[in-house]
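>>> Pasting a predicted model and its sequence here:
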Amino acid sequence: MATAELVLGLLSAGPAHGYDVKRGHDSWFPDGRPLAFGQVYTTLGRLERDGLVEVVEKTSGGGPDRTVYALTDKGRKHLADWLVDPVPPAWGSADEVLRKLVAAVRTGGDAAAFLARQRASHLRRIRELQESPAGQDPTSPLVRDYTVAHLDADLRWLDSAIERLSEQETS
Amino acid sequence: MIALELTDIEYSYRRNTALRGVSLQVEAGEIVAITGASGCGKSTLLHCAAGILTPDKGSVRLDGQDLAELSADARAALRRTKIGVVLQFGQLVPDLPLIDNVALPLLLAGHQRSEAHEHAREWLTQVGIQDEADAVPSELSGGQTQRAAIARALVSGPSVVLADEPTGSLDSRAGKELLDVLVSTARYRGAALVMVTHDNLVAAAANREIRLRDGVIQHEVAL
């Protein structure tokens, strides 16, 4: 799961503390599972360790956490690279595609170019599967059918995402 | 070598502009999928490439020859020999046996009947329906009709094959079999193949996807 990159995306608008990051995440994915506070702070700690975010303000006292984090140049580059690369097509990969798409739109990335690359990546994977015969055992063809059907479903969702973004651009 | 070149194609149906300056080149042996939502102009583009429609503006070149520079007769002859067209529902002549349907482009081009039939029989075998040579289209299944349409499109050895939703009326298994036939025979011939499709499994067989939206190319990606 790409929580780390999403946190970088959420910090791309400016420094924020963990609570803001959690609220931002939940507003980006209103139909999804809320991000747990524990996961926010664990992720921020790991990103700080890796030099992708830095602490720019820290106030201690009896009240709530007041540590403010900001993206570093390294973190900004990591985010930009992540938003460019299509997700390797596989079972459940659409979840990660959605995360990247939302992050690209919210941070001003080139979402249309990402969707075109992702579509190409999915089509290539389907071709690979179509060109290599499934195993002769009883279940391999079932697994193959499942995989192709799910990639096809992902592609139909990608199509509708391309259309929706185009409509938003022209309206 | 560029087999098909469309440059700045514009086309309007009365008040509706279907194509707004579309350009594309297809190399010999290349497979291109034209995709996009309904009404985006993809079938109009295919019909312009096939010479079924004449663009309001822009040029269509087949093997380097500009169609607009030819007389009507020369254009029709070029279309018969250089282009194979597969339409969505086969579009066979209802009263003709399959062998004559498939031989039709050769008969129209002036070939002897026996020679045309010999070629047609080879192609019926190639697409796996040689046993149906004497059947009329109403006796065939949807898949057999589409196979016959592919055989007819390829019988004259075209350098460009244009297919509009080639698997559109078939279930997924029959569609896959038909796609395999179309792709493998186009490859075998070294023909450029351009397929208009809304089916992702068909698009996945291509080397390149060109997506249209509102009559313009929205994106183009290598596959």
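Right, received. Where do you want to start? This one's a predicted model, so the numbers in the text were calculated from it and none came from an experiment. Residues are numbered from 1 along each chain as shown, chains lettered A, B, ... in the order given.

>>> ok, and the closest non-adjacent residue to A:Glu5?
Spatially, and ignoring its direct neighbours in sequence, A:Glu5 is nearest to A:Trp82 (4.6 Å; CB to CB, 6 or more residues apart in numbering or on different chains). To be clear about C-beta, it is placed using only N, CA and C from the backbone, and glycine gets the same treatment.

>>> chain center to the strand or helix carrying the one you found, what's the gap?
For A:Trp82, the enclosing helix or strand under DSSP states H and E is helix A:73-84. Distance of helix A:73-84 from the chain centroid (CA atoms, centre = their mean, to the nearest Å) equals 12 Å.

>>> Mind listing what's buried along that helix?
Of the residues in helix A:73-84, A:75, A:78-79, A:82-83 count as buried by neighbour count, 16 or more other CB atoms under 10 Å in any protein chain shown.

>>> Would you enumerate the residues in contact with the residue nearest to A:Glu5?
Shown in contact with A:Trp82 (CB atoms under 8 Å, 6 or more residues apart in numbering or on different chains): A:2, A:5, A:8, A:100, A:103.

>>> Filter those down to just the ones in helices.
Using DSSP state H, A:5, A:8, A:100, A:103 are the members of the contacts of A:Trp82 that sit in helices.

>>> so the third one makes contact with A:Asp81?
No - with contact taken as CB atoms under 8 Å, A:Lys100 and A:Asp81 are classed as non-touching, separated by 11.4 Å.

>>> Nearest residue to residue 56 in space, ignoring adjacent ones along the chain?
Because you didn't say which chain, this covers chain A. A:Ala70 (4.6 Å).

>>> Let me rephrase: I mean chain B.
B:Glu10 (4.9 Å).

>>> Which secondary structure state does that neighbour sit in?
Following DSSP: H, G, I helix; E, B strand; the rest coil, we place B:Glu10 in the strand state.

>>> tell me, how many neighbours does it end up with?
Using other CB atoms under 10 Å in any protein chain shown, B:Glu10 has 16 neighbouring residues.

>>> show me the contacts for it.
For B:Glu10, the contacting residues are B:17, B:19-21, B:55-58, by CB under 8 Å, 6+ apart.

>>> quick one, phi psi at the residue nearest in space to the middle of chain B?
The residue lying closest to the centre of chain B (CA atoms, centre = their mean) is B:Leu162, at 2.1 Å. Phi and psi for B:Leu162, reported as degrees, to the nearest 10, are phi -120, psi 120.

>>> What score does it have for pLDDT?
Looking at B:Leu162, its pLDDT is 95.

>>> beta partners for it?
Beta-bridge partners for B:Leu162, by DSSP bridges, are B:Val85, B:Val194.

>>> need the contact list for it.
B:Leu162 makes contact with B:46, B:49-50, B:83-86, B:194 under the criterion CB under 8 Å, 6+ apart.

>>> and if you look at B:Arg20?
B:Arg20 makes contact with B:10, B:214-216, according to CB under 8 Å, 6+ apart.

>>> pLDDT weak spots in the chain?
No chain was given, so I picked chain A. For chain A, the stretches flagged by pLDDT under 70 are A:1, A:61-65.

>>> Hmm, no, I was thinking of chain B.
Residues of chain B meeting the criterion pLDDT under 70: B:90, B:169.

>>> Would you tell me which residues of it are close to chain A?
Neighbours of chain A within chain B, by CB under 8 Å from any CB of the partner chain: B:37, B:176, B:200-201, B:203-206, B:209, B:211, B:213, B:218-219, B:221-223.

>>> Helices of the chain, residue ranges please.
All of this refers to chain A. Here chain A has its helices, by DSSP H, at A:3-11, A:18-28, A:37-49, A:73-84, A:93-106, A:111-131, A:140-170.

>>> wait, chain B
With DSSP H as the criterion, chain B has helices at B:42-50, B:72-82, B:98-108, B:113-126, B:142-154, B:172-189, B:200-203.

>>> what helices or strands is the first one leaning on?
On a contact count with 3 or more CB pairs under 8 Å, 6 or more residues apart in numbering or on different chains; DSSP states H and E, helix B:42-50 meets strand B:2-13, strand B:16-27, strand B:31-35, strand B:83-86, strand B:160-164, strand B:192-196.

>>> Over to the last one?
Counting by 3+ CB pairs under 8 Å, 6+ apart, the packing neighbours recorded for helix B:200-203 are helix A:111-131, helix A:140-170, strand B:31-35, helix B:172-189.

>>> A:Glu57 is nearest to which of the ones you listed?
helix A:111-131 (31.6 Å; CB to CB).

>>> B:Gly58: neighbouring residues, count only.
Per other CB under 10 Å, the neighbour tally for B:Gly58 reads 17.

>>> now swap in A:Pro34 and tell me
12.

>>> Mind putting the helices of chain A into a markdown table with distance to B:Leu96?
Compiled in a markdown table, those are given as follows (distance: least, CB to CB, whole Å):
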| stretch | distance to B:Leu96 |
| --- | --- |
| helix A:3-11 | 61 |
| helix A:18-28 | 61 |
| helix A:37-49 | 69 |
| helix A:73-84 | 55 |
| helix A:93-106 | 48 |
| helix A:111-131 | 34 |
| helix A:140-170 | 37 |
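
>>> Out of these, which gets nearest to B:Arg147?
Using CB to CB, the helices of chain A put helix A:111-131 closest to B:Arg147, at 18.7 Å.

>>> For beta bridges, what are the partners of the residue lying closest to B:Lys57 once chain neighbours are set aside?
Nearest residue to B:Lys57, sequence neighbours excluded (CB to CB, 6+ apart): B:Glu10, at 4.0 Å. Per DSSP bridges, residues listed as beta-bridge partners of B:Glu10: B:Arg20, B:Lys57.
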